[in-house]
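J.: Here is the input, now give the coordinates:
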Amino acid sequence: MTDAAPDQVIVQSREKMAWVLVAAFVFLALGEWMVFHPESPRYSREFIIVMGALTAAMGACGMVAAAMQLAHPPRLTLTSKGLTYTGPYWRRAWSWSDVGEFVIERSERQRVIRFPAPARRSAPFLTGGGRETLPGLWRLNIVQVRDMLNAARERWG
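T.: Next up is the predicted model:
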């Protein structure tokens with residue numbers, strides 16, 4: 001079924017990503033403080049320095065990732081042909097006939113949208129064995145995004 005309708009574009013929230021950037025900065029600052037103030041009655045100086053360095057590195061990586069997403073926010077594009085996710089790191093597309101129901105699940109840090117799709121030969125370890133994941137933090141509520149995706153799948157699938 002093809003229905004001539006305009007593309008729908010859902011953009012990730014810059015405001016929510018700014019909070020991720022703030023959290024990454026706090027992590028970086030905590031790691032730096034641990035490196036330069038390694039005094040602890042419970043742990044050795046070397047352990048504190050190593051943990052501080054790891055914490056600072058994770059914070060720095062988080063800041064870079066959040067900054068990239070602030071500059072180029074990821075987007076979901078829904079068309080009659082299918083769904084396209086365009087992010088700062090990669091672009092993926094699925095036809096509506098290849099995807100199953102979109103559901104919200106909680107990952108380690110946030111709620112995400114998951115859906116069944118054919119496993120990709122190039123990177124089956126990234127797809128979770130035929131289950132794809134879309135990140136959260138959209139401008140719309142994640143429930144609204146899931147409902148829009150399921151409505152589009154029903155309409156054009």
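J.: Tell me where the model's unsure across this structure.
T.: Along the chain, segments meeting pLDDT under 70 span 1-5, 120-129.
J.: any idea which residue sits dead centre in this structure?
T.: P135 (3.3 Å; Cα atoms, centre = their mean).
J.: all helices of this protein, in order?
T.: For the chain, helices defined by DSSP state H occupy the ranges 14-36, 45-71, 142-156.
J.: Nearest approach to T79 belongs to which of those helices?
T.: When the helices of the chain are ranked by proximity to T79, the top entry is helix 142-156, at 8.0 Å, counting by Cβ to Cβ. The C-beta positions use only the backbone N, C-alpha and C, and glycine is treated the same way.
J.: what packs against that closest one?
T.: Helix 142-156 sits against strand 8-11, strand 75-78, strand 82-86, strand 103-106, strand 111-116, with contacts defined as 3 or more Cβ pairs under 8 Å, 6 or more residues apart in numbering; DSSP states H and E.
J.: can we see that at 7 Å?
T.: Contacts defined by 3 or more Cβ pairs under 7 Å, 6 or more residues apart in numbering; DSSP states H and E place helix 142-156 against strand 8-11, strand 103-106, strand 111-116.
J.: deepest of those strands, which one?
T.: Among the helices and strands packed on helix 142-156, strand 111-116 has the highest mean neighbour count (mean count of other Cβ atoms under 10 Å), at a mean of 18.
J.: between it and strand 82-86, how many degrees?
T.: Here strand 111-116 runs at an angle of 140 degrees relative to strand 82-86 (axes from the mean of the first three to the mean of the last three Cα atoms, to 10 degrees).
J.: Can you list the strands that strand 111-116 pairs with?
T.: Pairing partners of strand 111-116, with direction, according to DSSP bridges: strand 103-106 (antiparallel), strand 131-134 (antiparallel).
J.: could the helices and strands packed on helix 142-156 be laid out in a markdown table, adding distance to V20?
T.: Putting those into a markdown table (distance: least, Cβ to Cβ, whole Å) gives the following:
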| stretch | distance to V20 |
| --- | --- |
| strand 8-11 | 15 |
| strand 103-106 | 17 |
| strand 111-116 | 14 |
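J.: do you know which of those lies nearest P74?
T.: Closest to P74 of the helices and strands packed on helix 142-156, according to Cβ to Cβ: strand 8-11, at 7.6 Å.
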